[in-house]
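Chemist: Provide a 3D model corresponding to the input given below.
(chains A and B)
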Amino acid sequence: MSNVPGDLKYSSDHEWVRLQDDGSAVVGITDHAQGALGDLVFVEAPEVGSVVASGDAFGVVESVKAASDLLSPVGGEVLEVNSALDDTPEMVNTDPYGDGWLVRMQPSDASELDSLMDAAAYEQFLEDVD
Amino acid sequence: MRSTEGVRSGWFWPDLSGIRTEGRQNYDLPPFLLPIQEWKVMSDKTPLYDAQVALGARMVDFGGWEMPVNYGSQIEEHHAVRNDAGMFDVSHMTVLDLKGAATRSFLSRLLANDVAKLREPGKALYSCMLNGAGGVIDDLIVYYLAEDRFRMVVNAATREKDLAWIEEQATGKELTLTERSDLAMIAIQGPNARQKAAALLPAEQAESALALKPFSAAEVGELFVARTGYTGEDGWEILLPAELAADFWNRLNQAGVRPCGLGARDTLRLEAGMNLYGNDMDESTTPLESALSWTVALEPQERDFIGRSALEKNKADGVDRKLVGLILEGKGVLRAHQKVICAAGDGETTSGSFSPTLGCSIGMARVPVACGERCEVEIRGKLLPARVVKTTFVRNGEAVG
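Modeler: Coordinates of the predicted model:
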């Protein structure tokens, strides 16, 4: 069973979003996603300062077996990327909700987060796709 | 997330070409990203299915078989085989026994490599089976058991066409073909694999199994033990009655042989420079274009094997493509079907992954014969530099070159 923390929002593309007190949003991939992808070996993050719309492909995660686009779960500006993943992409596997975070964004419309799933809905979503 | 590039069908993602929805057929989607009805097809299970699930196997559909892609970490499984001992369920592969006085002469015509090289019972030979145009129908290992008895192991994904082709060629010959679906097959690979497995056998059997030279096999009690593999490491491939397989598998696990999935099997074989049928060669390519010339026995000239005249013509006209190894410089991962640009023209990657042993991405590519030592590979619209090398990257745990 994969770990689905209660305090996060989730996209149907298996990304999670954590809204910070300063209004920014941290984005990563879920435990289910890292497990299904297998050992990550490369993360291609978006440029800091780039502006993306919700659903845009804004990065790539590559595991030993496959490459997957990262689709932005919210629209906004990329404030920061997790540069530690350049050398240790496996942190996405070992700590997908912590040190394995991918990008921090400034949502252009915070209400977009409301359209994402909460933990209960995402757990149900995982059951339905399994 | 959306999968953009993965390993093509024929490997651990099933061939979804017939059942994908519109707009998706350019992607190689891992099953977890697909709605269930798109990929769930009836799958066969090997005799080791339950034993593997009990050990935490993550199962995927592989050419109609439910097989483990990994048991958690593909990279750890890979290192286990390079440094210690790992095991793979390869029961999905097709085992075919050939019996009869005409068997050797039949194989002499069927195979591009020459079974005359098999002089001592137990010896094994790697060969391609070609069509009349010199294209590779499949690659296989043939074992010489007795003058009227040979055993072949061919790929799982090519089973139907292989059997049909072999039966067609055997028509009217004095031999019988028997598929051995009653047997399971376990590959035990790694520097400590033989010792760990031998410890589970009765002393006398262990002794004869350990005495096997590389690329030789013997019937040891109920087991057929071959010192062969698909990882570049020492080890055995063991055929045994299906009903004994799960118990043997569990005992191997208890003896410290780590269960490994098809994921590690792919990175291990790629590092070892071993071609994967359907990726690195198929019916549209000859062995001469697939770094497999060493497996084609053109001597003696009077041996008229299927595909010979086409290969001779191919050689006389000049082979214009070759299969090489690539080492990607910089960040990224080579995958099959990426465009390769070299001074002499364009080519295409046939396999690619991350090499856990080398810590960078490696691949195989079919390129113009005049391709030099460097090229560029197009990955998601960017051109990344790569070094052109021989296809063998790692052998017996050590980086080559």
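
Chemist: C-alpha from now on. contacts and neighbour counts both.
Modeler: Noted.

Chemist: so where do the helices sit in the chain?
Modeler: No chain in the question, so chain A it is. For chain A, the helices defined by DSSP state H occupy A:31-37, A:91-94, A:119-129.

Chemist: please go with chain B instead
Modeler: Using DSSP H, helices in chain B cover B:36-39, B:49-54, B:74-83, B:103-110, B:159-170, B:193-198, B:203-210, B:242-254, B:262-271, B:308-317.

Chemist: Mind checking the helices of chain A for the one nearest to B:A310?
Modeler: With C-alpha to C-alpha as the criterion, B:A310 lies closest to helix A:31-37 of the helices of chain A, at 42.6 Å.

Chemist: Mind giving me the packing neighbours of the closest one?
Modeler: Applying 3 or more C-alpha pairs under 8 Å, 6 or more residues apart in numbering or on different chains; DSSP states H and E, we find helix A:31-37 packed against helix A:91-94.

Chemist: Next, the buried residues of the helix it packs on.
Modeler: Across helix A:91-94, burial judged by 16 or more other C-alpha atoms under 10 Å in any protein chain shown covers A:91-93.

Chemist: avg pLDDT for that helix?
Modeler: Helix A:91-94 shows a mean pLDDT of 96.

Chemist: Now render the helices of chain B as JSON lines, adding distance to B:T350.
Modeler: JSON lines is the format used below for these (distance: least, C-alpha to C-alpha, whole Å):
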{"stretch": "helix B:36-39", "distance to B:T350": "24"}
{"stretch": "helix B:49-54", "distance to B:T350": "30"}
{"stretch": "helix B:74-83", "distance to B:T350": "21"}
{"stretch": "helix B:103-110", "distance to B:T350": "26"}
{"stretch": "helix B:159-170", "distance to B:T350": "22"}
{"stretch": "helix B:193-198", "distance to B:T350": "30"}
{"stretch": "helix B:203-210", "distance to B:T350": "36"}
{"stretch": "helix B:242-254", "distance to B:T350": "33"}
{"stretch": "helix B:262-271", "distance to B:T350": "11"}
{"stretch": "helix B:308-317", "distance to B:T350": "21"}
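
Chemist: Packed most tightly, which of those helices would that be?
Modeler: Of all these, helix B:262-271 has the most neighbours on average by mean count of other C-alpha atoms under 10 Å in any protein chain shown, namely a mean of 25.

Chemist: Can you name every helix or strand that that one contacts?
Modeler: strand B:65-70, helix B:74-83, strand B:345-355, strand B:360-368.

Chemist: Indicate each strand paired with the last one and its parallel or antiparallel sense.
Modeler: Okay, so that is strand B:360-368. strand B:321-328 (antiparallel), strand B:345-355 (antiparallel) (DSSP bridges).

Chemist: quick one: pLDDT of residue 127?
Modeler: Looking at chain A here, since you left the chain open. Predicted confidence (pLDDT) for A:E127: 92.

Chemist: Correction: the question concerned chain B.
Modeler: 98.

Chemist: Most tightly packed of the helices and strands packed on helix B:262-271?
Modeler: Of all these, strand B:360-368 carries the top mean neighbour count, a mean of 26, counting by mean count of other C-alpha under 10 Å.

Chemist: Can I get that strand as PDB, trimmed to CA atoms?
Modeler: Only the C-alpha atoms of strand B:360-368 are listed here, as PDB (Å, rounded to 0.1, in the frame of the first residue of the first chain):
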ATOM      1  CA  CYS B 360      25.600   6.800 -16.500                       C
ATOM      2  CA  SER B 361      23.300   6.100 -19.400                       C
ATOM      3  CA  ILE B 362      24.300   3.500 -22.000                       C
ATOM      4  CA  GLY B 363      22.600   2.100 -25.100                       C
ATOM      5  CA  MET B 364      23.000   0.300 -28.300                       C
ATOM      6  CA  ALA B 365      22.400   2.000 -31.700                       C
ATOM      7  CA  ARG B 366      22.300   1.100 -35.300                       C
ATOM      8  CA  VAL B 367      24.400   3.600 -37.200                       C
ATOM      9  CA  PRO B 368      26.200   4.000 -40.500                       C
END
